[in-house]
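In: Below is the sequence, then the predicted model.
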Amino acid sequence: MDLQEFFAQHPKVALGFSGGVDSSYLLYAGIKYGADIKPYFVKGPFQPEFERQDVLKMAELLHIDNLAIVEANPLTDERVVQNDQLRCYYCKQRVFGLIKEQAARDGYKVLIDGTNASDDLADRPGFKALQEMQVLSPLLQAGLTKMEIRRHSQEAGLFTWDKPSYACLATRIPTGYPLELSTLRKVERAEAALREMGYSDFRIRVLDKAAKLQLKPQQMEKLLQEREKVKNLLLQEFEDIYLDLKER
């Protein structure tokens, strides 16, 4: 089933919209094929501000006037805070549960997300939660890979076509270490500062009170040239800094 066929069969859908490559292309495709598609962006402690800005930018680009922003705080769920192997499962339950409730009130009974054919679903507790809630994944059903979605997005003129993949801020904390809002905020501020310096497609992982910086090899020379500035920037948030030399 391709996307045109999907939207012909599901002409009215709610979309869990992150502002990333996949959900942005899905939103574009829904509009292109004439669907009544309403995007829902969830704002909470796991989503950095730049994601909200990208959502607003994409809504403007696609002339979306029905964007809904749903406030959610998964940290009120102790199972999420514990940050065990099922953290993503509990978080998706909560977040998409809120979207589903709001969408139903808005008259949208079908909920879709941006899971695609390149996603490794073998160890994805979050995807299991989506399946249990009967969330549909049109990109996956259409067999579209990440590379194909990027190509189609570029052809469509979407600025997200080359946007780096982004995992929520909770993934910066090692499994088994409780999630704290103060730590998430430190990561968000540090990553935002590095982004302003021109770094992209990188991560800051938390190791107790230290930061482990992961970035692409092609940005290593830039980092070494700006070593002192980066060091001073990260020391504003963390007590120590490590550089991960393994390729991401």
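Out: Yep, that arrived.

In: use CA for all of it now, contacts and neighbours both
Out: Will do.

In: count of residues packed around Leu245?
Out: Using other Cα atoms under 10 Å, Leu245 has 12 neighbouring residues.

In: Break this structure down into its domains, please.
Out: 3-162, 180-243 (automatic domain parsing).

In: Out of the ones you listed, which one sits most buried?
Out: Among these, ranked by average contacts under mean count of other Cα atoms under 10 Å, first place goes to domain 3-162 (a mean of 18).

In: What is the end-to-end distance of that one?
Out: 21 Å (Cα to Cα, to the nearest Å).

In: Same check on stretch 165-175?
Out: 20 Å.

In: Gly20 contacts Phe159, correct?
Out: No: at 9.9 Å, Gly20 does not count as touching Phe159 under the criterion of Cα atoms under 8 Å.

In: Distance to Thr171 and mean pLDDT for the domains of the chain - can I get that in TSV?
Out: TSV is the format used below for the domains of the chain (distance: least, Cα to Cα, whole Å; pLDDT from 0 to 100):
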stretch	distance to Thr171	mean pLDDT
domain 3-162	9	95
domain 180-243	8	93
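
In: Go ahead and produce CSV holding the CA coordinates of the strand ranked longest in the chain.
Out: Looking across the chain with DSSP state E, the single longest strand is strand 36-43. Provided in CSV are the C-alpha atoms of strand 36-43 (Å, rounded to 0.1, in the frame of the first residue of the first chain):
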residue,chain,number,x,y,z
ASP,A,36,-8.1,15.9,6.5
ILE,A,37,-5.0,15.6,8.6
LYS,A,38,-4.5,17.3,11.9
PRO,A,39,-1.0,17.4,13.5
TYR,A,40,-0.5,17.1,17.2
PHE,A,41,2.8,18.2,18.7
VAL,A,42,3.5,17.2,22.3
LYS,A,43,5.4,19.7,24.4
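
In: Note down every partner strand of that strand and its orientation.
Out: strand 12-16 (parallel), strand 68-71 (parallel) (DSSP bridges).

In: ok, which stretches of this structure are helices?
Out: With DSSP state H as the criterion, the chain has helices at 3-9, 21-32, 49-61, 78-82, 87-105, 125-132, 138-141, 146-156, 181-196, 220-225, 227-234.
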